[in-house]
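Chemist: requesting a structural model of the entry that follows:
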Amino acid sequence: MTDLDPRLGLTVTHARYVPYAHAHYGGNLVDGAYVLGLFGDVATEVCIRTDGDEGLFASYDEVQFRAAVQAGDVVEVTAVVTRVGRRSRGIEFVARVTCRARPDRSPSAAEVLAVPIVCTTARGTVVVTV
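Modeler: Reported below is the predicted structural model:
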């Protein structure tokens, strides 16, 4: 494919509330695999949009856990197509915490963060069957 492939730069974003049932560690921390699952979900939509196929995740080239994810967060994950091969697609991912629980104020208090927290970044490859 050429650099002019219209699939390059396609961006898909999902947002998800992190339920307390997913907290595994003290301080209501959530394991990093939770965000990797979100990356898989957004990659599936990328494949559907680019190729009409759900695709398969082939590999991660790099994953960086940059900040903690906590139960009660709202996490926004974005995927951008950076490479288009015959059957493979390179994708860059970023996950940001956009809202956070505020149990210090009340049991159900939460706030929208003025500046989202980048919690996880990654690069990966998906393969489509088309």
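Chemist: state the pLDDT value of residue 4.
Modeler: Model confidence at residue 4, given as pLDDT, is 86.
Chemist: for the strand or helix carrying residue 118, name the packing helices and strands.
Modeler: Per DSSP states H and E, residue 118 falls inside strand 110-127. Using 3 or more CB pairs under 8 Å, 6 or more residues apart in numbering; DSSP states H and E as the contact definition, the elements that strand 110-127 packs against are helix 32-51, strand 56-65, strand 74-84, strand 88-101. Heads up, the C-betas are built off the backbone N, CA and C, glycines and all.
Chemist: how about that strand: buried residues?
Modeler: 116-117, 119-127 (16 or more other CB atoms under 10 Å).
Chemist: got these as CSV, with pLDDT and distance to residue 100 columns?
Modeler: As requested, the buried residues of strand 110-127 are exported to CSV (pLDDT from 0 to 100; distance: CB to CB, whole Å):
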residue, pLDDT, distance to residue 100
116, 98, 10
117, 98, 8
119, 98, 11
120, 98, 15
121, 98, 19
122, 98, 22
123, 98, 26
124, 97, 26
125, 97, 32
126, 97, 30
127, 97, 35
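Chemist: would TSV of those residues with distance to residue 39 be doable?
Modeler: Formatted as TSV, these follow (distance: CB to CB, whole Å):
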residue	distance to residue 39
116	16
117	17
119	12
120	8
121	10
122	6
123	10
124	7
125	12
126	10
127	15
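Chemist: wait, which of the residues you listed is closest to residue 65?
Modeler: Within these, distances to residue 65 taken as CB to CB reach their minimum at residue 120, with 5.5 Å.
Chemist: quick check: the closest one vs residue 7, distance?
Modeler: In this view, residue 120 and residue 7 are 24 Å apart by CB to CB, to the nearest Å.
Chemist: same question, residue 113
Modeler: Note on residue 113: its distance to residue 7, by CB to CB, is 32 Å.
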